[in-house]
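Engineer: Predicted structure and sequence below. I'll ask about it afterward.
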Amino acid sequence: MLKITTANSINAATLKLEGRLAGPWVSELERSWRAVKDGSRDKPVLVDLCEVAFVDAEGRKLLSRMYEQGARLRTFGCMAKGIVDEIVQEHSRSG
C-alpha cells in the first residue's frame, strides 16, 4: 500500500509518499508524478520519501527517471537515503 499526497506551494509542488513503493503502486506514482509535473512546469517537484518503508526494483527505476527529469528527492532514514544516494551517484557518473 502506498499513500500519495500532493501539495502545491509558491516554491514547489510536493509528492509525499507513505508506505511501500512496489507493484501496482509504481504505476500509480508515475501517473501522479506526470500530473504534478505537467501542472507545475515553472516550479520544482519535491518527492518526499521520508515515510517510505520499502522500494522494489521498478520503484527504484521510476525514482531514478524522476530524478533525471528534475525531481528533488527528500529522505530521512537509512533505507530511502541509501536508494537516493545510489541514484544521485549514478547520474553524477553519467552526466
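Structural biologist: Received it, and whenever you're ready, just let me know what you need. Every value quoted in this text rests on a predicted model; they were computed, and no experiment measured them. Numbers count the residues shown, from 1 in each chain.
Engineer: where does the protein dip in pLDDT?
Structural biologist: In the predicted model, the chain carries pLDDT under 70 at residues 77-79, 94-95.
Engineer: quick one, strands of it?
Structural biologist: 2-8, 13-21, 45-55, 72-74 (DSSP state E).
Engineer: Can you check what angle separates the first one from strand 45-55?
Structural biologist: Pointing back at strand 2-8 there. Interaxial angle of strand 2-8 relative to strand 45-55 (axes from the mean of the first three to the mean of the last three CA atoms, to 10 degrees): 170 degrees.
Engineer: contact partners of strand 2-8?
Structural biologist: Strand 2-8 is contacted by residues 13-22, 25, 28-29, 32, 35-36, 39-40, 43 when judged by CB atoms under 8 Å, 6 or more residues apart in numbering. C-beta coordinates here come from the backbone N, C-alpha and C atoms, glycine included.
Engineer: Which of the strands of the chain sits closest to residue 82?
Structural biologist: Smallest distance to residue 82 across the strands of the chain (CB to CB): 9.8 Å, for strand 45-55.
Engineer: Who are the packing partners of that closest one?
Structural biologist: Counting contacts by 3 or more CB pairs under 8 Å, 6 or more residues apart in numbering; DSSP states H and E, strand 45-55 packs against strand 13-21, helix 24-39, helix 57-68, strand 72-74, helix 78-94.
Engineer: now, of these, which is deepest in the fold?
Structural biologist: Each of the helices and strands packed on strand 45-55 was scored by mean neighbour count; the highest is strand 13-21, a mean of 19, by mean count of other CB atoms under 10 Å.
Engineer: what's the closest non-adjacent residue to residue 25?
Structural biologist: Using CB to CB, 6 or more residues apart in numbering and skipping residues adjacent in sequence, the residue nearest residue 25 is residue 2, 3.7 Å away.
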